[in-house]
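In: The following block contains a protein sequence and its predicted model.
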Amino acid sequence: MGVKSGANYRECAAAAAVSRQGRKVDWKDMQKPRNPLRFPWLTLAASLCVLASASAQSQPARGLFRTTILASGLSDPTQMAFRPDGRIYILSKEGAIHLLDPKTGQTTPAGTLPASNVREDGLHSLVLDPAFQTNQRVFILFGTLTPAPSIVVARFAALATGAIDVASRKDLLSVPYSLGAADEHNTGCLAFGPDGNLYIGLADNTKNIFSGTGTGYAPRDPTRPDYDAQRSAANSNDLRRKILRIHPEEDGTYTVPAGNLFAPGTAKTRPEIFAMGLRHPFRITVDAKTGWLFWAEPGPNAMADKADMGPRGYDEVNLAKDAGYYGWPYCVGNNFCYPALDYATGNAGATYDPAALSNTSANNTGIAKLPAARPALIWYPYNSTGSAFPIFGSGSTNTSMLGPVYRFDATLASPNKLPRYFDGHLFIFDFSRSLIHAVQVDDAGKLVEVKRFWDQTTTNPIANPIDAKIGPDGALYFLGWGDNGAYPHNAGHGNLVKLDYTGPADPVGVAVGPRAHRADWSMLAPRSTWKPAAACRSAEAFDPQGRKIWSWVKAGRLPQGHPGVLRVRAIGAGAGV
């Protein structure tokens, strides 16, 4: 491509460009013959032909993603974990661990733990040690009835075959739980932070109220301990209904890092507690870049607000940049608070104040005065009417869950990794509705947008998703509980689905003017348009295979997620391609 008129090229191509190192490059410098690698990464700073602007950032269409079923016929799957070699541990609630090789499709037994598996309890979570490639250790959370009913976090060694050496078990933590056939909320989840701290999400071990006073609302009945979440969620001296933060040590014990909610030695508190006032933190994840903790919580069953009972049920997605209290069982969602309730008479008292909460239950063994309650990041009810987040729609049930925060890796040579558009997005999903959303927060942790990523269709193999991970290849993987949704047992209906990107690779460069020079589109601001000036005849974008993917007439937007070159044609004598 060449332009004979330097003046016209100057008007059309660029007034200036700025290299990533900050050096200004004017149009004359760009016009000179050169080694094309001399300025390998140019970002457009100003242009008469193309205003100082950016490629449009719109969400890649669903049609650019492909689903592949890697395993089916799974029984009661609960969670998965990737090994560095790409093989995947799959947990079953009854205690079995299997190892899937996605290259061959073969699944082999990798161990069995003495999980209780009475109702919701069982084998729940497995994470690899951050130094796994050196020490071959994993951490597993499971409910057990021996020697006493409890939820245990234990360390195990993985053998060279990938199997778990069950005999190598070292218990870090054991939390007493009621694990009977009538008990509820006996689950947990593990996640490592970038600093090597281990986060442990534990459910509340409190029953829902299904009849009588308070049906469907927050259980706070001090006369019935099993129906009093004040004994667990709001109890600073109890590890249930919390997210703990500890640091595993070499000898199989743990220490408590600085910055948890209560300093070691504080009376009537446990120093392991990082977040409390939780209902059911079934899924937790930590952003590898920021170290921020996210978790999802299924909410209570109330379908409507009632003046004498309190707010309707809300499922939540939460974010913690530091330790805090999150309101339950006094508040839910966006700090919608319940009234104090006399369960004997059914009479309602004053509404709780999220800034001045006190736990006066006879079942409380912790401090009375609680930290101020923090609102959820996202909250949605069963019925979308009046909801702050109508994108979640309506349904007879909700079960909020979440997966990873995606971090785009430009060095990862994988053609099917998620595009750069999703960098920094948290993937959340709903078990009951089979909906998947991408959540964007800003650098301060404030919510920017919730975006529909995937929904249930007749051809959708992701049924009742219960776990999600980013694989070593940068693709999304979903573990499905099963298409009939039966819980707490669903033998033979689960699957593992890979969801990868098949669209064009991310933008890698722009060629402008009579000679090709690359510009890194990722350095440009999102959601703006390329606006050609009168001096330009045309501007067209091509993918690496030479296919035209965009052109302008008067003004236009570059398609999201497309790579390639932007070619500019000047007007004037001798101008041409």
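Out: Noted; the coordinates are in hand.
In: For the stretch 401-550 of the chain, which segments count as helices?
Out: For the stretch 401-550 of the chain, helices defined by DSSP state H, counting those that start in this stretch do not occur.
In: contacting residues for residue 165?
Out: Contact analysis of residue 165 by Cβ atoms under 8 Å, 6 or more residues apart in numbering lists 111, 156-159. (Glycine included, C-beta is placed from N, CA and C.)
In: Repeat that for residue 109.
Out: 96-99, 163.
In: Backbone torsions only: list them for residue 231.
Out: Per-residue torsions, residue 231: phi -80, psi -10 (degrees, to the nearest 10).
In: Nearest to residue 269 among the contacts of residue 109?
Out: residue 97 (34.9 Å; Cβ to Cβ).
In: Please tell me how far that closest one sits from residue 363.
Out: 36 Å (Cβ to Cβ, to the nearest Å).
In: What of residue 263?
Out: 25 Å.
In: can you check residue 425 too?
Out: 40 Å.
In: Among those two, which residue is more densely surrounded?
Out: residue 425 (23 against 20; other Cβ atoms under 10 Å).
In: Spit out the contact partners of that one.
Out: Here residue 425 is in contact with 405-406, 438-440, 451 (criterion: Cβ under 8 Å, 6+ apart).
In: from these, which would you call buried?
Out: Neighbour counting by 16 or more other Cβ atoms under 10 Å classes 405-406, 438-439 among those as buried.
In: Need the residues you listed in CSV (columns: distance to residue 226).
Out: What follows is those, written out as CSV (distance: Cβ to Cβ, whole Å):
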residue, distance to residue 226
405, 36
406, 40
438, 38
439, 34
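In: just checking, which of these belong to strands?
Out: 405, 438-439 (DSSP state E).
In: Any chance of JSON lines for the residues you listed, columns distance to residue 392?
Out: Listed next are these as JSON lines, based on distance: Cβ to Cβ, whole Å:
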{"residue": "405", "distance to residue 392": "20"}
{"residue": "438", "distance to residue 392": "13"}
{"residue": "439", "distance to residue 392": "12"}
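In: Now the nearest residue to residue 336 once chain neighbours are set aside. Its backbone dihedrals?
Out: Nearest non-adjacent residue to residue 336, counting by Cβ to Cβ, 6 or more residues apart in numbering: residue 311, 3.8 Å away. As for residue 311, its main-chain torsions (degrees, to the nearest 10) stand at phi -70, psi 160.
In: OK, contacts around residue 311?
Out: 302, 305, 332-333, 336-338.
In: Tell me which two in those are the farthest apart.
Out: 302 and 337 (13.7 Å).
In: so what's in contact with these two at the same time?
Out: 310-311.
In: who's more crowded, those two?
Out: Set side by side, residue 302 and residue 337 show more neighbours around residue 302, with 23 against 20, by other Cβ under 10 Å.
In: Pick out the one among the contacts of residue 311 with the largest number of neighbours.
Out: residue 332 (31 neighbours).
In: Quick check, that residue in contact with residue 229.
Out: No: shown here, residue 332 and residue 229 do not form a contact pair, counting by Cβ atoms under 8 Å, at 11.2 Å.
In: what number of residues lie near residue 114?
Out: 15.
In: On the strand side of things, show who residue 68 bridges to.
Out: Using DSSP bridges, the bridge partners assigned to residue 68 are residue 498.
In: check contacts around it.
Out: Going by Cβ under 8 Å, 6+ apart, residue 68 touches 497-498, 500.
In: cutoff 10 Å now
Out: Residues in contact with residue 68 (Cβ atoms under 10 Å, 6 or more residues apart in numbering) are 102, 416, 461, 475, 477, 496-500.
In: least trustworthy position among the residues you listed, going by pLDDT?
Out: Checking pLDDT across the contacts of residue 68, the minimum falls on residue 461 at 86.
In: and the gap between that one and residue 500?
Out: From residue 461 over to residue 500 the distance is 13 Å, taken as Cβ to Cβ.
In: the more surrounded of these two?
Out: A direct count of neighbours by other Cβ under 10 Å for residue 461 and residue 500 places residue 500 higher, at 20 against 16.
In: wait, what's in contact with the more buried one?
Out: 64-68, 414-418, 471, 473-477.
In: buried ones in stretch 306-318?
Out: For stretch 306-318, the neighbour count (16+ other Cβ under 10 Å) marks 309-318 as buried.
In: avg pLDDT for stretch 215-226?
Out: 92.
In: Ignore what I typed, I meant stretch 349-367.
Out: The average pLDDT within stretch 349-367 is 98.
In: Three-state assignment for residue 239, please.
Out: coil (DSSP: H, G, I helix; E, B strand; the rest coil).
In: residue contacts, the residue nearest to it when sequence neighbours are not counted?
Out: Closest residue in space to residue 239, ignoring its immediate chain neighbours: residue 175 at 4.9 Å, by Cβ to Cβ, 6+ apart. By Cβ under 10 Å, 6+ apart, the contact list for residue 175 reads 141, 143, 150-153, 188, 200, 202, 205, 238-240, 242, 244, 272.
In: Now the phi/psi pair for residue 175, please.
Out: Backbone torsions of residue 175, given as degrees, to the nearest 10, read phi -110, psi 120.
In: any common contacting residues for residue 461 and residue 500?
Out: 67-68.
In: I figured residue 267 hits residue 365, correct?
Out: No: taking contacts as Cβ atoms under 10 Å, residue 267 lies outside contact range of residue 365: 11.1 Å.
In: higher neighbour count, these two?
Out: Legend: neighbour count by other Cβ under 10 Å for residue 267 and residue 365, higher for residue 365 (12 against 9).
In: I figured that one was touching residue 268, is that so?
Out: Yes: between residue 365 and residue 268 there is a contact at 6.8 Å, judged by Cβ under 10 Å.
In: Give me the common contacts of these two.
Out: 235-237.
In: Flag every buried residue along the helix or strand where residue 72 lies.
Out: Taking DSSP states H and E as the criterion, residue 72 maps to strand 65-74. Using 16+ other Cβ under 10 Å as the test for burial, strand 65-74 gives 65, 70-71, 74.
In: Just put the residues you listed in JSON lines and tack on distance to residue 400 and pLDDT.
Out: Below are these laid out as JSON lines (distance: Cβ to Cβ, whole Å; pLDDT from 0 to 100):
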{"residue": "65", "distance to residue 400": "22", "pLDDT": "93"}
{"residue": "70", "distance to residue 400": "25", "pLDDT": "96"}
{"residue": "71", "distance to residue 400": "25", "pLDDT": "95"}
{"residue": "74", "distance to residue 400": "22", "pLDDT": "94"}
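In: tell me which of those residues is nearest to residue 289?
Out: So of those, ranked by how close each gets to residue 289 (Cβ to Cβ), first place is residue 65, at 23.5 Å.
In: Isn't the closest one up against residue 460?
Out: No: Residue 65 sits out of contact with residue 460 when judged by Cβ under 10 Å, with a separation of 11.2 Å.
In: pLDDT check: weakest of the contacts of residue 500?
Out: Ranking these by pLDDT, residue 415 lands last with 87.
In: Show the contacting residues for that one.
Out: Counting by Cβ under 10 Å, 6+ apart, residue 415 touches 473-474, 500-502, 505.
In: and it, how far is that from residue 279?
Out: 41 Å.
In: How about residue 143?
Out: 18 Å.
In: cool, residue 223 as well?
Out: For residue 223, the distance to residue 279 - Cβ to Cβ - is 21 Å.
In: now residue 500
Out: In terms of Cβ to Cβ, residue 500 sits 34 Å off from residue 279.
In: where in the stretch 201-350 of the chain is pLDDT low?
Out: Counting by pLDDT under 70, the stretch 201-350 of the chain shows no low-confidence range.
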